[in-house]
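Colleague: Prediction below, plus the sequence it came from.
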Amino acid sequence: MGNHIGTPRKVLLIATGGTIACRETENGLAPVLDGESLLRELPELASVCDTEVLDLMQRDSTDITAADRMQMARAVWERRGQYDGFVIAHGTDTLSYAAATLSYLIQKNEKPVVLTGAQKSIEVPDGDARRNLFEAFVYATDARACGTHVVFNGHVIAGTRARKTHTKSFDAFSSIDFPDIGVFYDKKLLCYIDERPECPGAVFYDKLVPEILSIRVIPGMDPSVFDYITAHCRGVVIESFGVGGIPYYGDNAFEEKIAALMENGVRVVITTQVPHEGSNLSVYRVGHIIKEKYRVLEASNMTTEAVIAKMMWALAYSETREEFEKLFCTPVGKDQL
């Protein structure tokens, strides 16, 4: 497995709730199991590493906020000298947002931060929780592991590339437009990409700006919806059509609304609604004009989750549009090709 020989590695489980920690209640499933309860279901971990538990929160991941994700990052950073790696048990619905956010808050991290969860509670005998949690620990103890990743159903996925693509299947997460970092095959870890040269030593960022809105353009949409944004948001992600089509109804209304946002200091990034292969605003007139005229940023092949997380981080560490653009356009954790 690539583990160190000799002294067992020490890994901290950070429990945050999610389906993996759920039990049935009169109002449906609720995360009530603590970290020790999760580990009791995996006695075989004793042969992999030494474990300790931090019960950070017990939340359905739908309720986890940017402040909560910052709390996770601080928990890792403040304990980085005590452990060789970290496993975060997290609900699946917003796990990709957490993985992306941690990728920006703790960069170039030589110690692995591994997020995992499950589609079924760890108390379900034939569920996926035991496998996912066990493999997360195996990856966290591997000598080649570093940075932030998602481990799920045998896949090791870069934190900025993970997306939940199935609501019910055990194979819930995919790596979008980037190969898996590794896979588990026949209970063995096969690493495809050695990331250690990219992780010379961790850099921690302790601020986020959560006032971000993502808007999906639909056919015939009234552009006046953008009037709300200036007073309430610091940044907006516009999910456009195809490779970057912004509607042009003959009156330049969309163009003018987006220009007004930018003039009022709102940072705008245009991405695509299409899951794969990214945007290219230069291809069609409906995108080319706004890109050339206003120098609007585009996400290229970043995931929407990564775009949102990176905007929250870049807004916290920039004053001017130029500073924001520099941070946003600098690749982090394989978020841009």
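Modeller: Ah, there it is.

Colleague: The closest residue to residue 151 other than its chain neighbours and residue 85: what is the separation?
Modeller: Among residues not flanking residue 151 along the chain, residue 136 sits closest, at 4.3 Å (Cβ to Cβ, 6 or more residues apart in numbering). Every C-beta, even on glycine, is put in place using the N, C-alpha and C of the backbone. For residue 136, the distance to residue 85 equals 9 Å [Cβ to Cβ, to the nearest Å].

Colleague: More neighbours: these two, which one.
Modeller: Just comparing residue 136 and residue 85: by other Cβ atoms under 10 Å the higher neighbour count belongs to residue 136, 27 against 22.

Colleague: which stretches of the stretch 51-200 of the chain aren't confidently modelled?
Modeller: For the stretch 51-200 of the chain, no stretch is flagged by pLDDT under 70.

Colleague: just the strands in it please.
Modeller: 85-89, 106-107, 113-116, 148-152, 155-158, 162-164, 173-175, 182-185, 188-191 (DSSP state E, counting those that start in this stretch).

Colleague: quick one: contacts for the nearest residue to residue 93 once chain neighbours are set aside?
Modeller: Among residues not flanking residue 93 along the chain, residue 61 sits closest, at 4.8 Å (Cβ to Cβ, 6+ apart). For residue 61, the contact set (Cβ atoms under 8 Å, 6 or more residues apart in numbering) comprises 16, 17, 18, 90, 91, 92, 93, 94, 95, 98, 117.

Colleague: and if we set it to 6 Å?
Modeller: By Cβ atoms under 6 Å, 6 or more residues apart in numbering, the contact list for residue 61 reads 18, 90, 91, 93, 94.

Colleague: With residue 97 instead?
Modeller: residue 305.

Colleague: what residues are up against residue 105?
Modeller: 73, 205.

Colleague: From residue 289, how far off is it?
Modeller: Between residue 105 and residue 289 the computed distance is 36 Å (Cβ to Cβ).

Colleague: cool, and residue 42?
Modeller: Applying Cβ to Cβ to residue 42 and residue 289 gives a distance of 56 Å.

Colleague: in the sheet, who's paired with residue 189?
Modeller: residue 184 (DSSP bridges).

Colleague: What does residue 235 show for phi and psi?
Modeller: phi -150, psi 150 (degrees, to the nearest 10).

Colleague: show me what contacts it?
Modeller: With Cβ under 6 Å, 6+ apart, residue 235 has these contacts: 212, 267, 311, 315.

Colleague: Provide a list of residues in contact with residue 319.
Modeller: For residue 319, the contact set (Cβ under 6 Å, 6+ apart) is empty.

Colleague: cool, residue 262 as well?
Modeller: residue 268.

Colleague: before we move on, which element is it in?
Modeller: Per DSSP states H and E, residue 262 falls inside helix 253-263.

Colleague: returning to that earlier point: now, which of the contacts of residue 235 lie within helices?
Modeller: 311, 315 (DSSP state H).

Colleague: which of the contacts of residue 235 sit farthest apart?
Modeller: Spanning the widest gap among the contacts of residue 235 are 212 and 267, at 8.8 Å by Cβ to Cβ.

Colleague: Mind putting the strands of the stretch 51-200 of the chain into CSV with distance to residue 12?
Modeller: Shown next, in CSV, are those (distance: least, Cβ to Cβ, whole Å):
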stretch, distance to residue 12
strand 85-89, 5
strand 106-107, 14
strand 113-116, 10
strand 148-152, 14
strand 155-158, 19
strand 162-164, 21
strand 173-175, 22
strand 182-185, 21
strand 188-191, 20
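
Colleague: Any idea which of those gets closest to residue 259?
Modeller: Residue 259 lies closest to strand 162-164 among the strands of the stretch 51-200 of the chain, at 30.7 Å (Cβ to Cβ).

Colleague: Tell me how far that closest one lies from the chain's centre.
Modeller: On the basis of Cα atoms, centre = their mean, to the nearest Å, strand 162-164 sits 8 Å off its chain's mean C-alpha point.
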